[in-house]
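Participant: here's a sequence, model it:
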Amino acid sequence: MDYISIIGLTIGMAAILGGQALEGGHVGSLLQLTAFLIVIGGTLGAVMLQSSLRVFMDGLGMLKWVFSPPRHVPADILTLLLQWSQTARRGGLLALEPMIDEQQDLFQRRGLQMLVDGAEPDVLRDTLELELSAFEHHHLEASKIWMAAGGYAPTIGILGAVMGLIHVMENLSDPSKLGAGIAVAFVATIYGVGGANLVFLPIASKLKYLVNKQVSQRELFIEGLVCIANGENPRIIEAKLQGYLV
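Facilitator: Modelled structure (predicted):
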């Protein structure tokens, strides 16, 4: 669990709602279903329009990474690689074959399978780097739906504000209806700007950071696997890969 994401979101929301309360305003006045539908529905529609179905769905699925990120412990990968190196040094690459089914990560399993099958180091590197490049491209594209939402939401909020003011102008002769129109106008702007800067853009940045961490970890794995394929000494492999642990 990534507690800093939960704490950050809580602090941000508490600051806004607390400020509203301190100024003597009612928190309930910020709850406008019409404004919510305009901003969130409009933003959702715009993001869907610019995305493919797969990218959109994967982007939504990545939301859980913000609060429960993928495991990222480069030291564990390095330890695993050194164990494989020592095993291969003692019994050859075929001695690693029983370990293939133990790998839950498909990327690691495929890499180890290629190593055991005797793939040349250059072929091993090129194949895994190609897969890594595809992984990075797809996940960065998926994370960008949140960046897009952060770009569209303020504009949709302004659209909601204009719609609210139109409603006000249409009912100038009926003062009882002016309050609702003005409320929608201002709250829609709050939803748009607040949603973009407090939720959508931070989520996009966090996902980009997490994708880059996953890429770095896989680069460590590829480099270590190639070192094993080249028959390098485990101590040399450890020294070479220490830079990935920074």
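Participant: and for the protein, the residue most distant from the center?
Facilitator: The C-alpha centroid of the chain is most remote from Ser173, which lies 49.7 Å away (Cα atoms, centre = their mean).
Participant: residues in contact with that one?
Facilitator: The neighbourhood of Ser173, defined by Cβ atoms under 8 Å, 6 or more residues apart in numbering, contains no residues. From N, CA and C alone the C-beta is placed, and that goes for glycine too.
Participant: contact partners for Gly231?
Facilitator: Residues touching Gly231, when contacts are defined by Cβ under 8 Å, 6+ apart, comprise Ala88, Arg89.
Participant: what's the helix or strand for it?
Facilitator: In this assignment (DSSP states H and E), Gly231 forms part of neither any helix nor any strand.
Participant: against Gln214, how distant is it?
Facilitator: Between Gly231 and Gln214 the distance, using Cβ to Cβ, to the nearest Å, works out to 28 Å.
Participant: coming back round to it: host element of the residue farthest from the centre of the chain?
Facilitator: Short version: Ser173 belongs to no helix or strand, going by DSSP H and E.
Participant: next one: Leu241
Facilitator: For Leu241, the element it lies in under DSSP H and E is helix 234-241.
Participant: before we move on, what about Gly42?
Facilitator: For Gly42, the enclosing helix or strand under DSSP H and E is helix 42-50.
Participant: grab the nearest non-local neighbour of the most centrally placed residue in the chain.
Facilitator: Geometric centre of the chain, nearest residue: Leu207, 2.2 Å, by Cα atoms, centre = their mean. The shortest distance from Leu207 to any non-neighbouring residue, by Cβ to Cβ, 6 or more residues apart in numbering, is to Ser143 (3.7 Å).
Participant: quick one: contacts for that neighbour?
Facilitator: Taking Cβ under 8 Å, 6+ apart as the contact definition, Ser143 lies against Gly59, Met62, Ala204, Leu207, Lys208, Val211.
Participant: quick one: buried residues of the helix holding Gly42?
Facilitator: Gly42, Thr43, Leu44, Ala46, Val47 (16 or more other Cβ atoms under 10 Å).
Participant: what's that helix packed up against?
Facilitator: Helices and strands touching helix 42-50, by 3 or more Cβ pairs under 8 Å, 6 or more residues apart in numbering; DSSP states H and E, are helix 121-170.
Participant: what part of the protein, helix or strand, is modelled with the least confidence?
Facilitator: Comparing every helix and strand of the chain by mean pLDDT, DSSP states H and E singles out helix 178-194 as the least confident one, with a mean of 80.
Participant: what is the next helix or strand after it packed up against?
Facilitator: Reading on from helix 178-194 to the C-terminus, the next helix or strand found by DSSP H and E is helix 201-229. Helices and strands touching helix 201-229, as assessed by 3+ Cβ pairs under 8 Å, 6+ apart, comprise helix 63-67, helix 74-91, helix 106-116, helix 121-170, helix 234-241.
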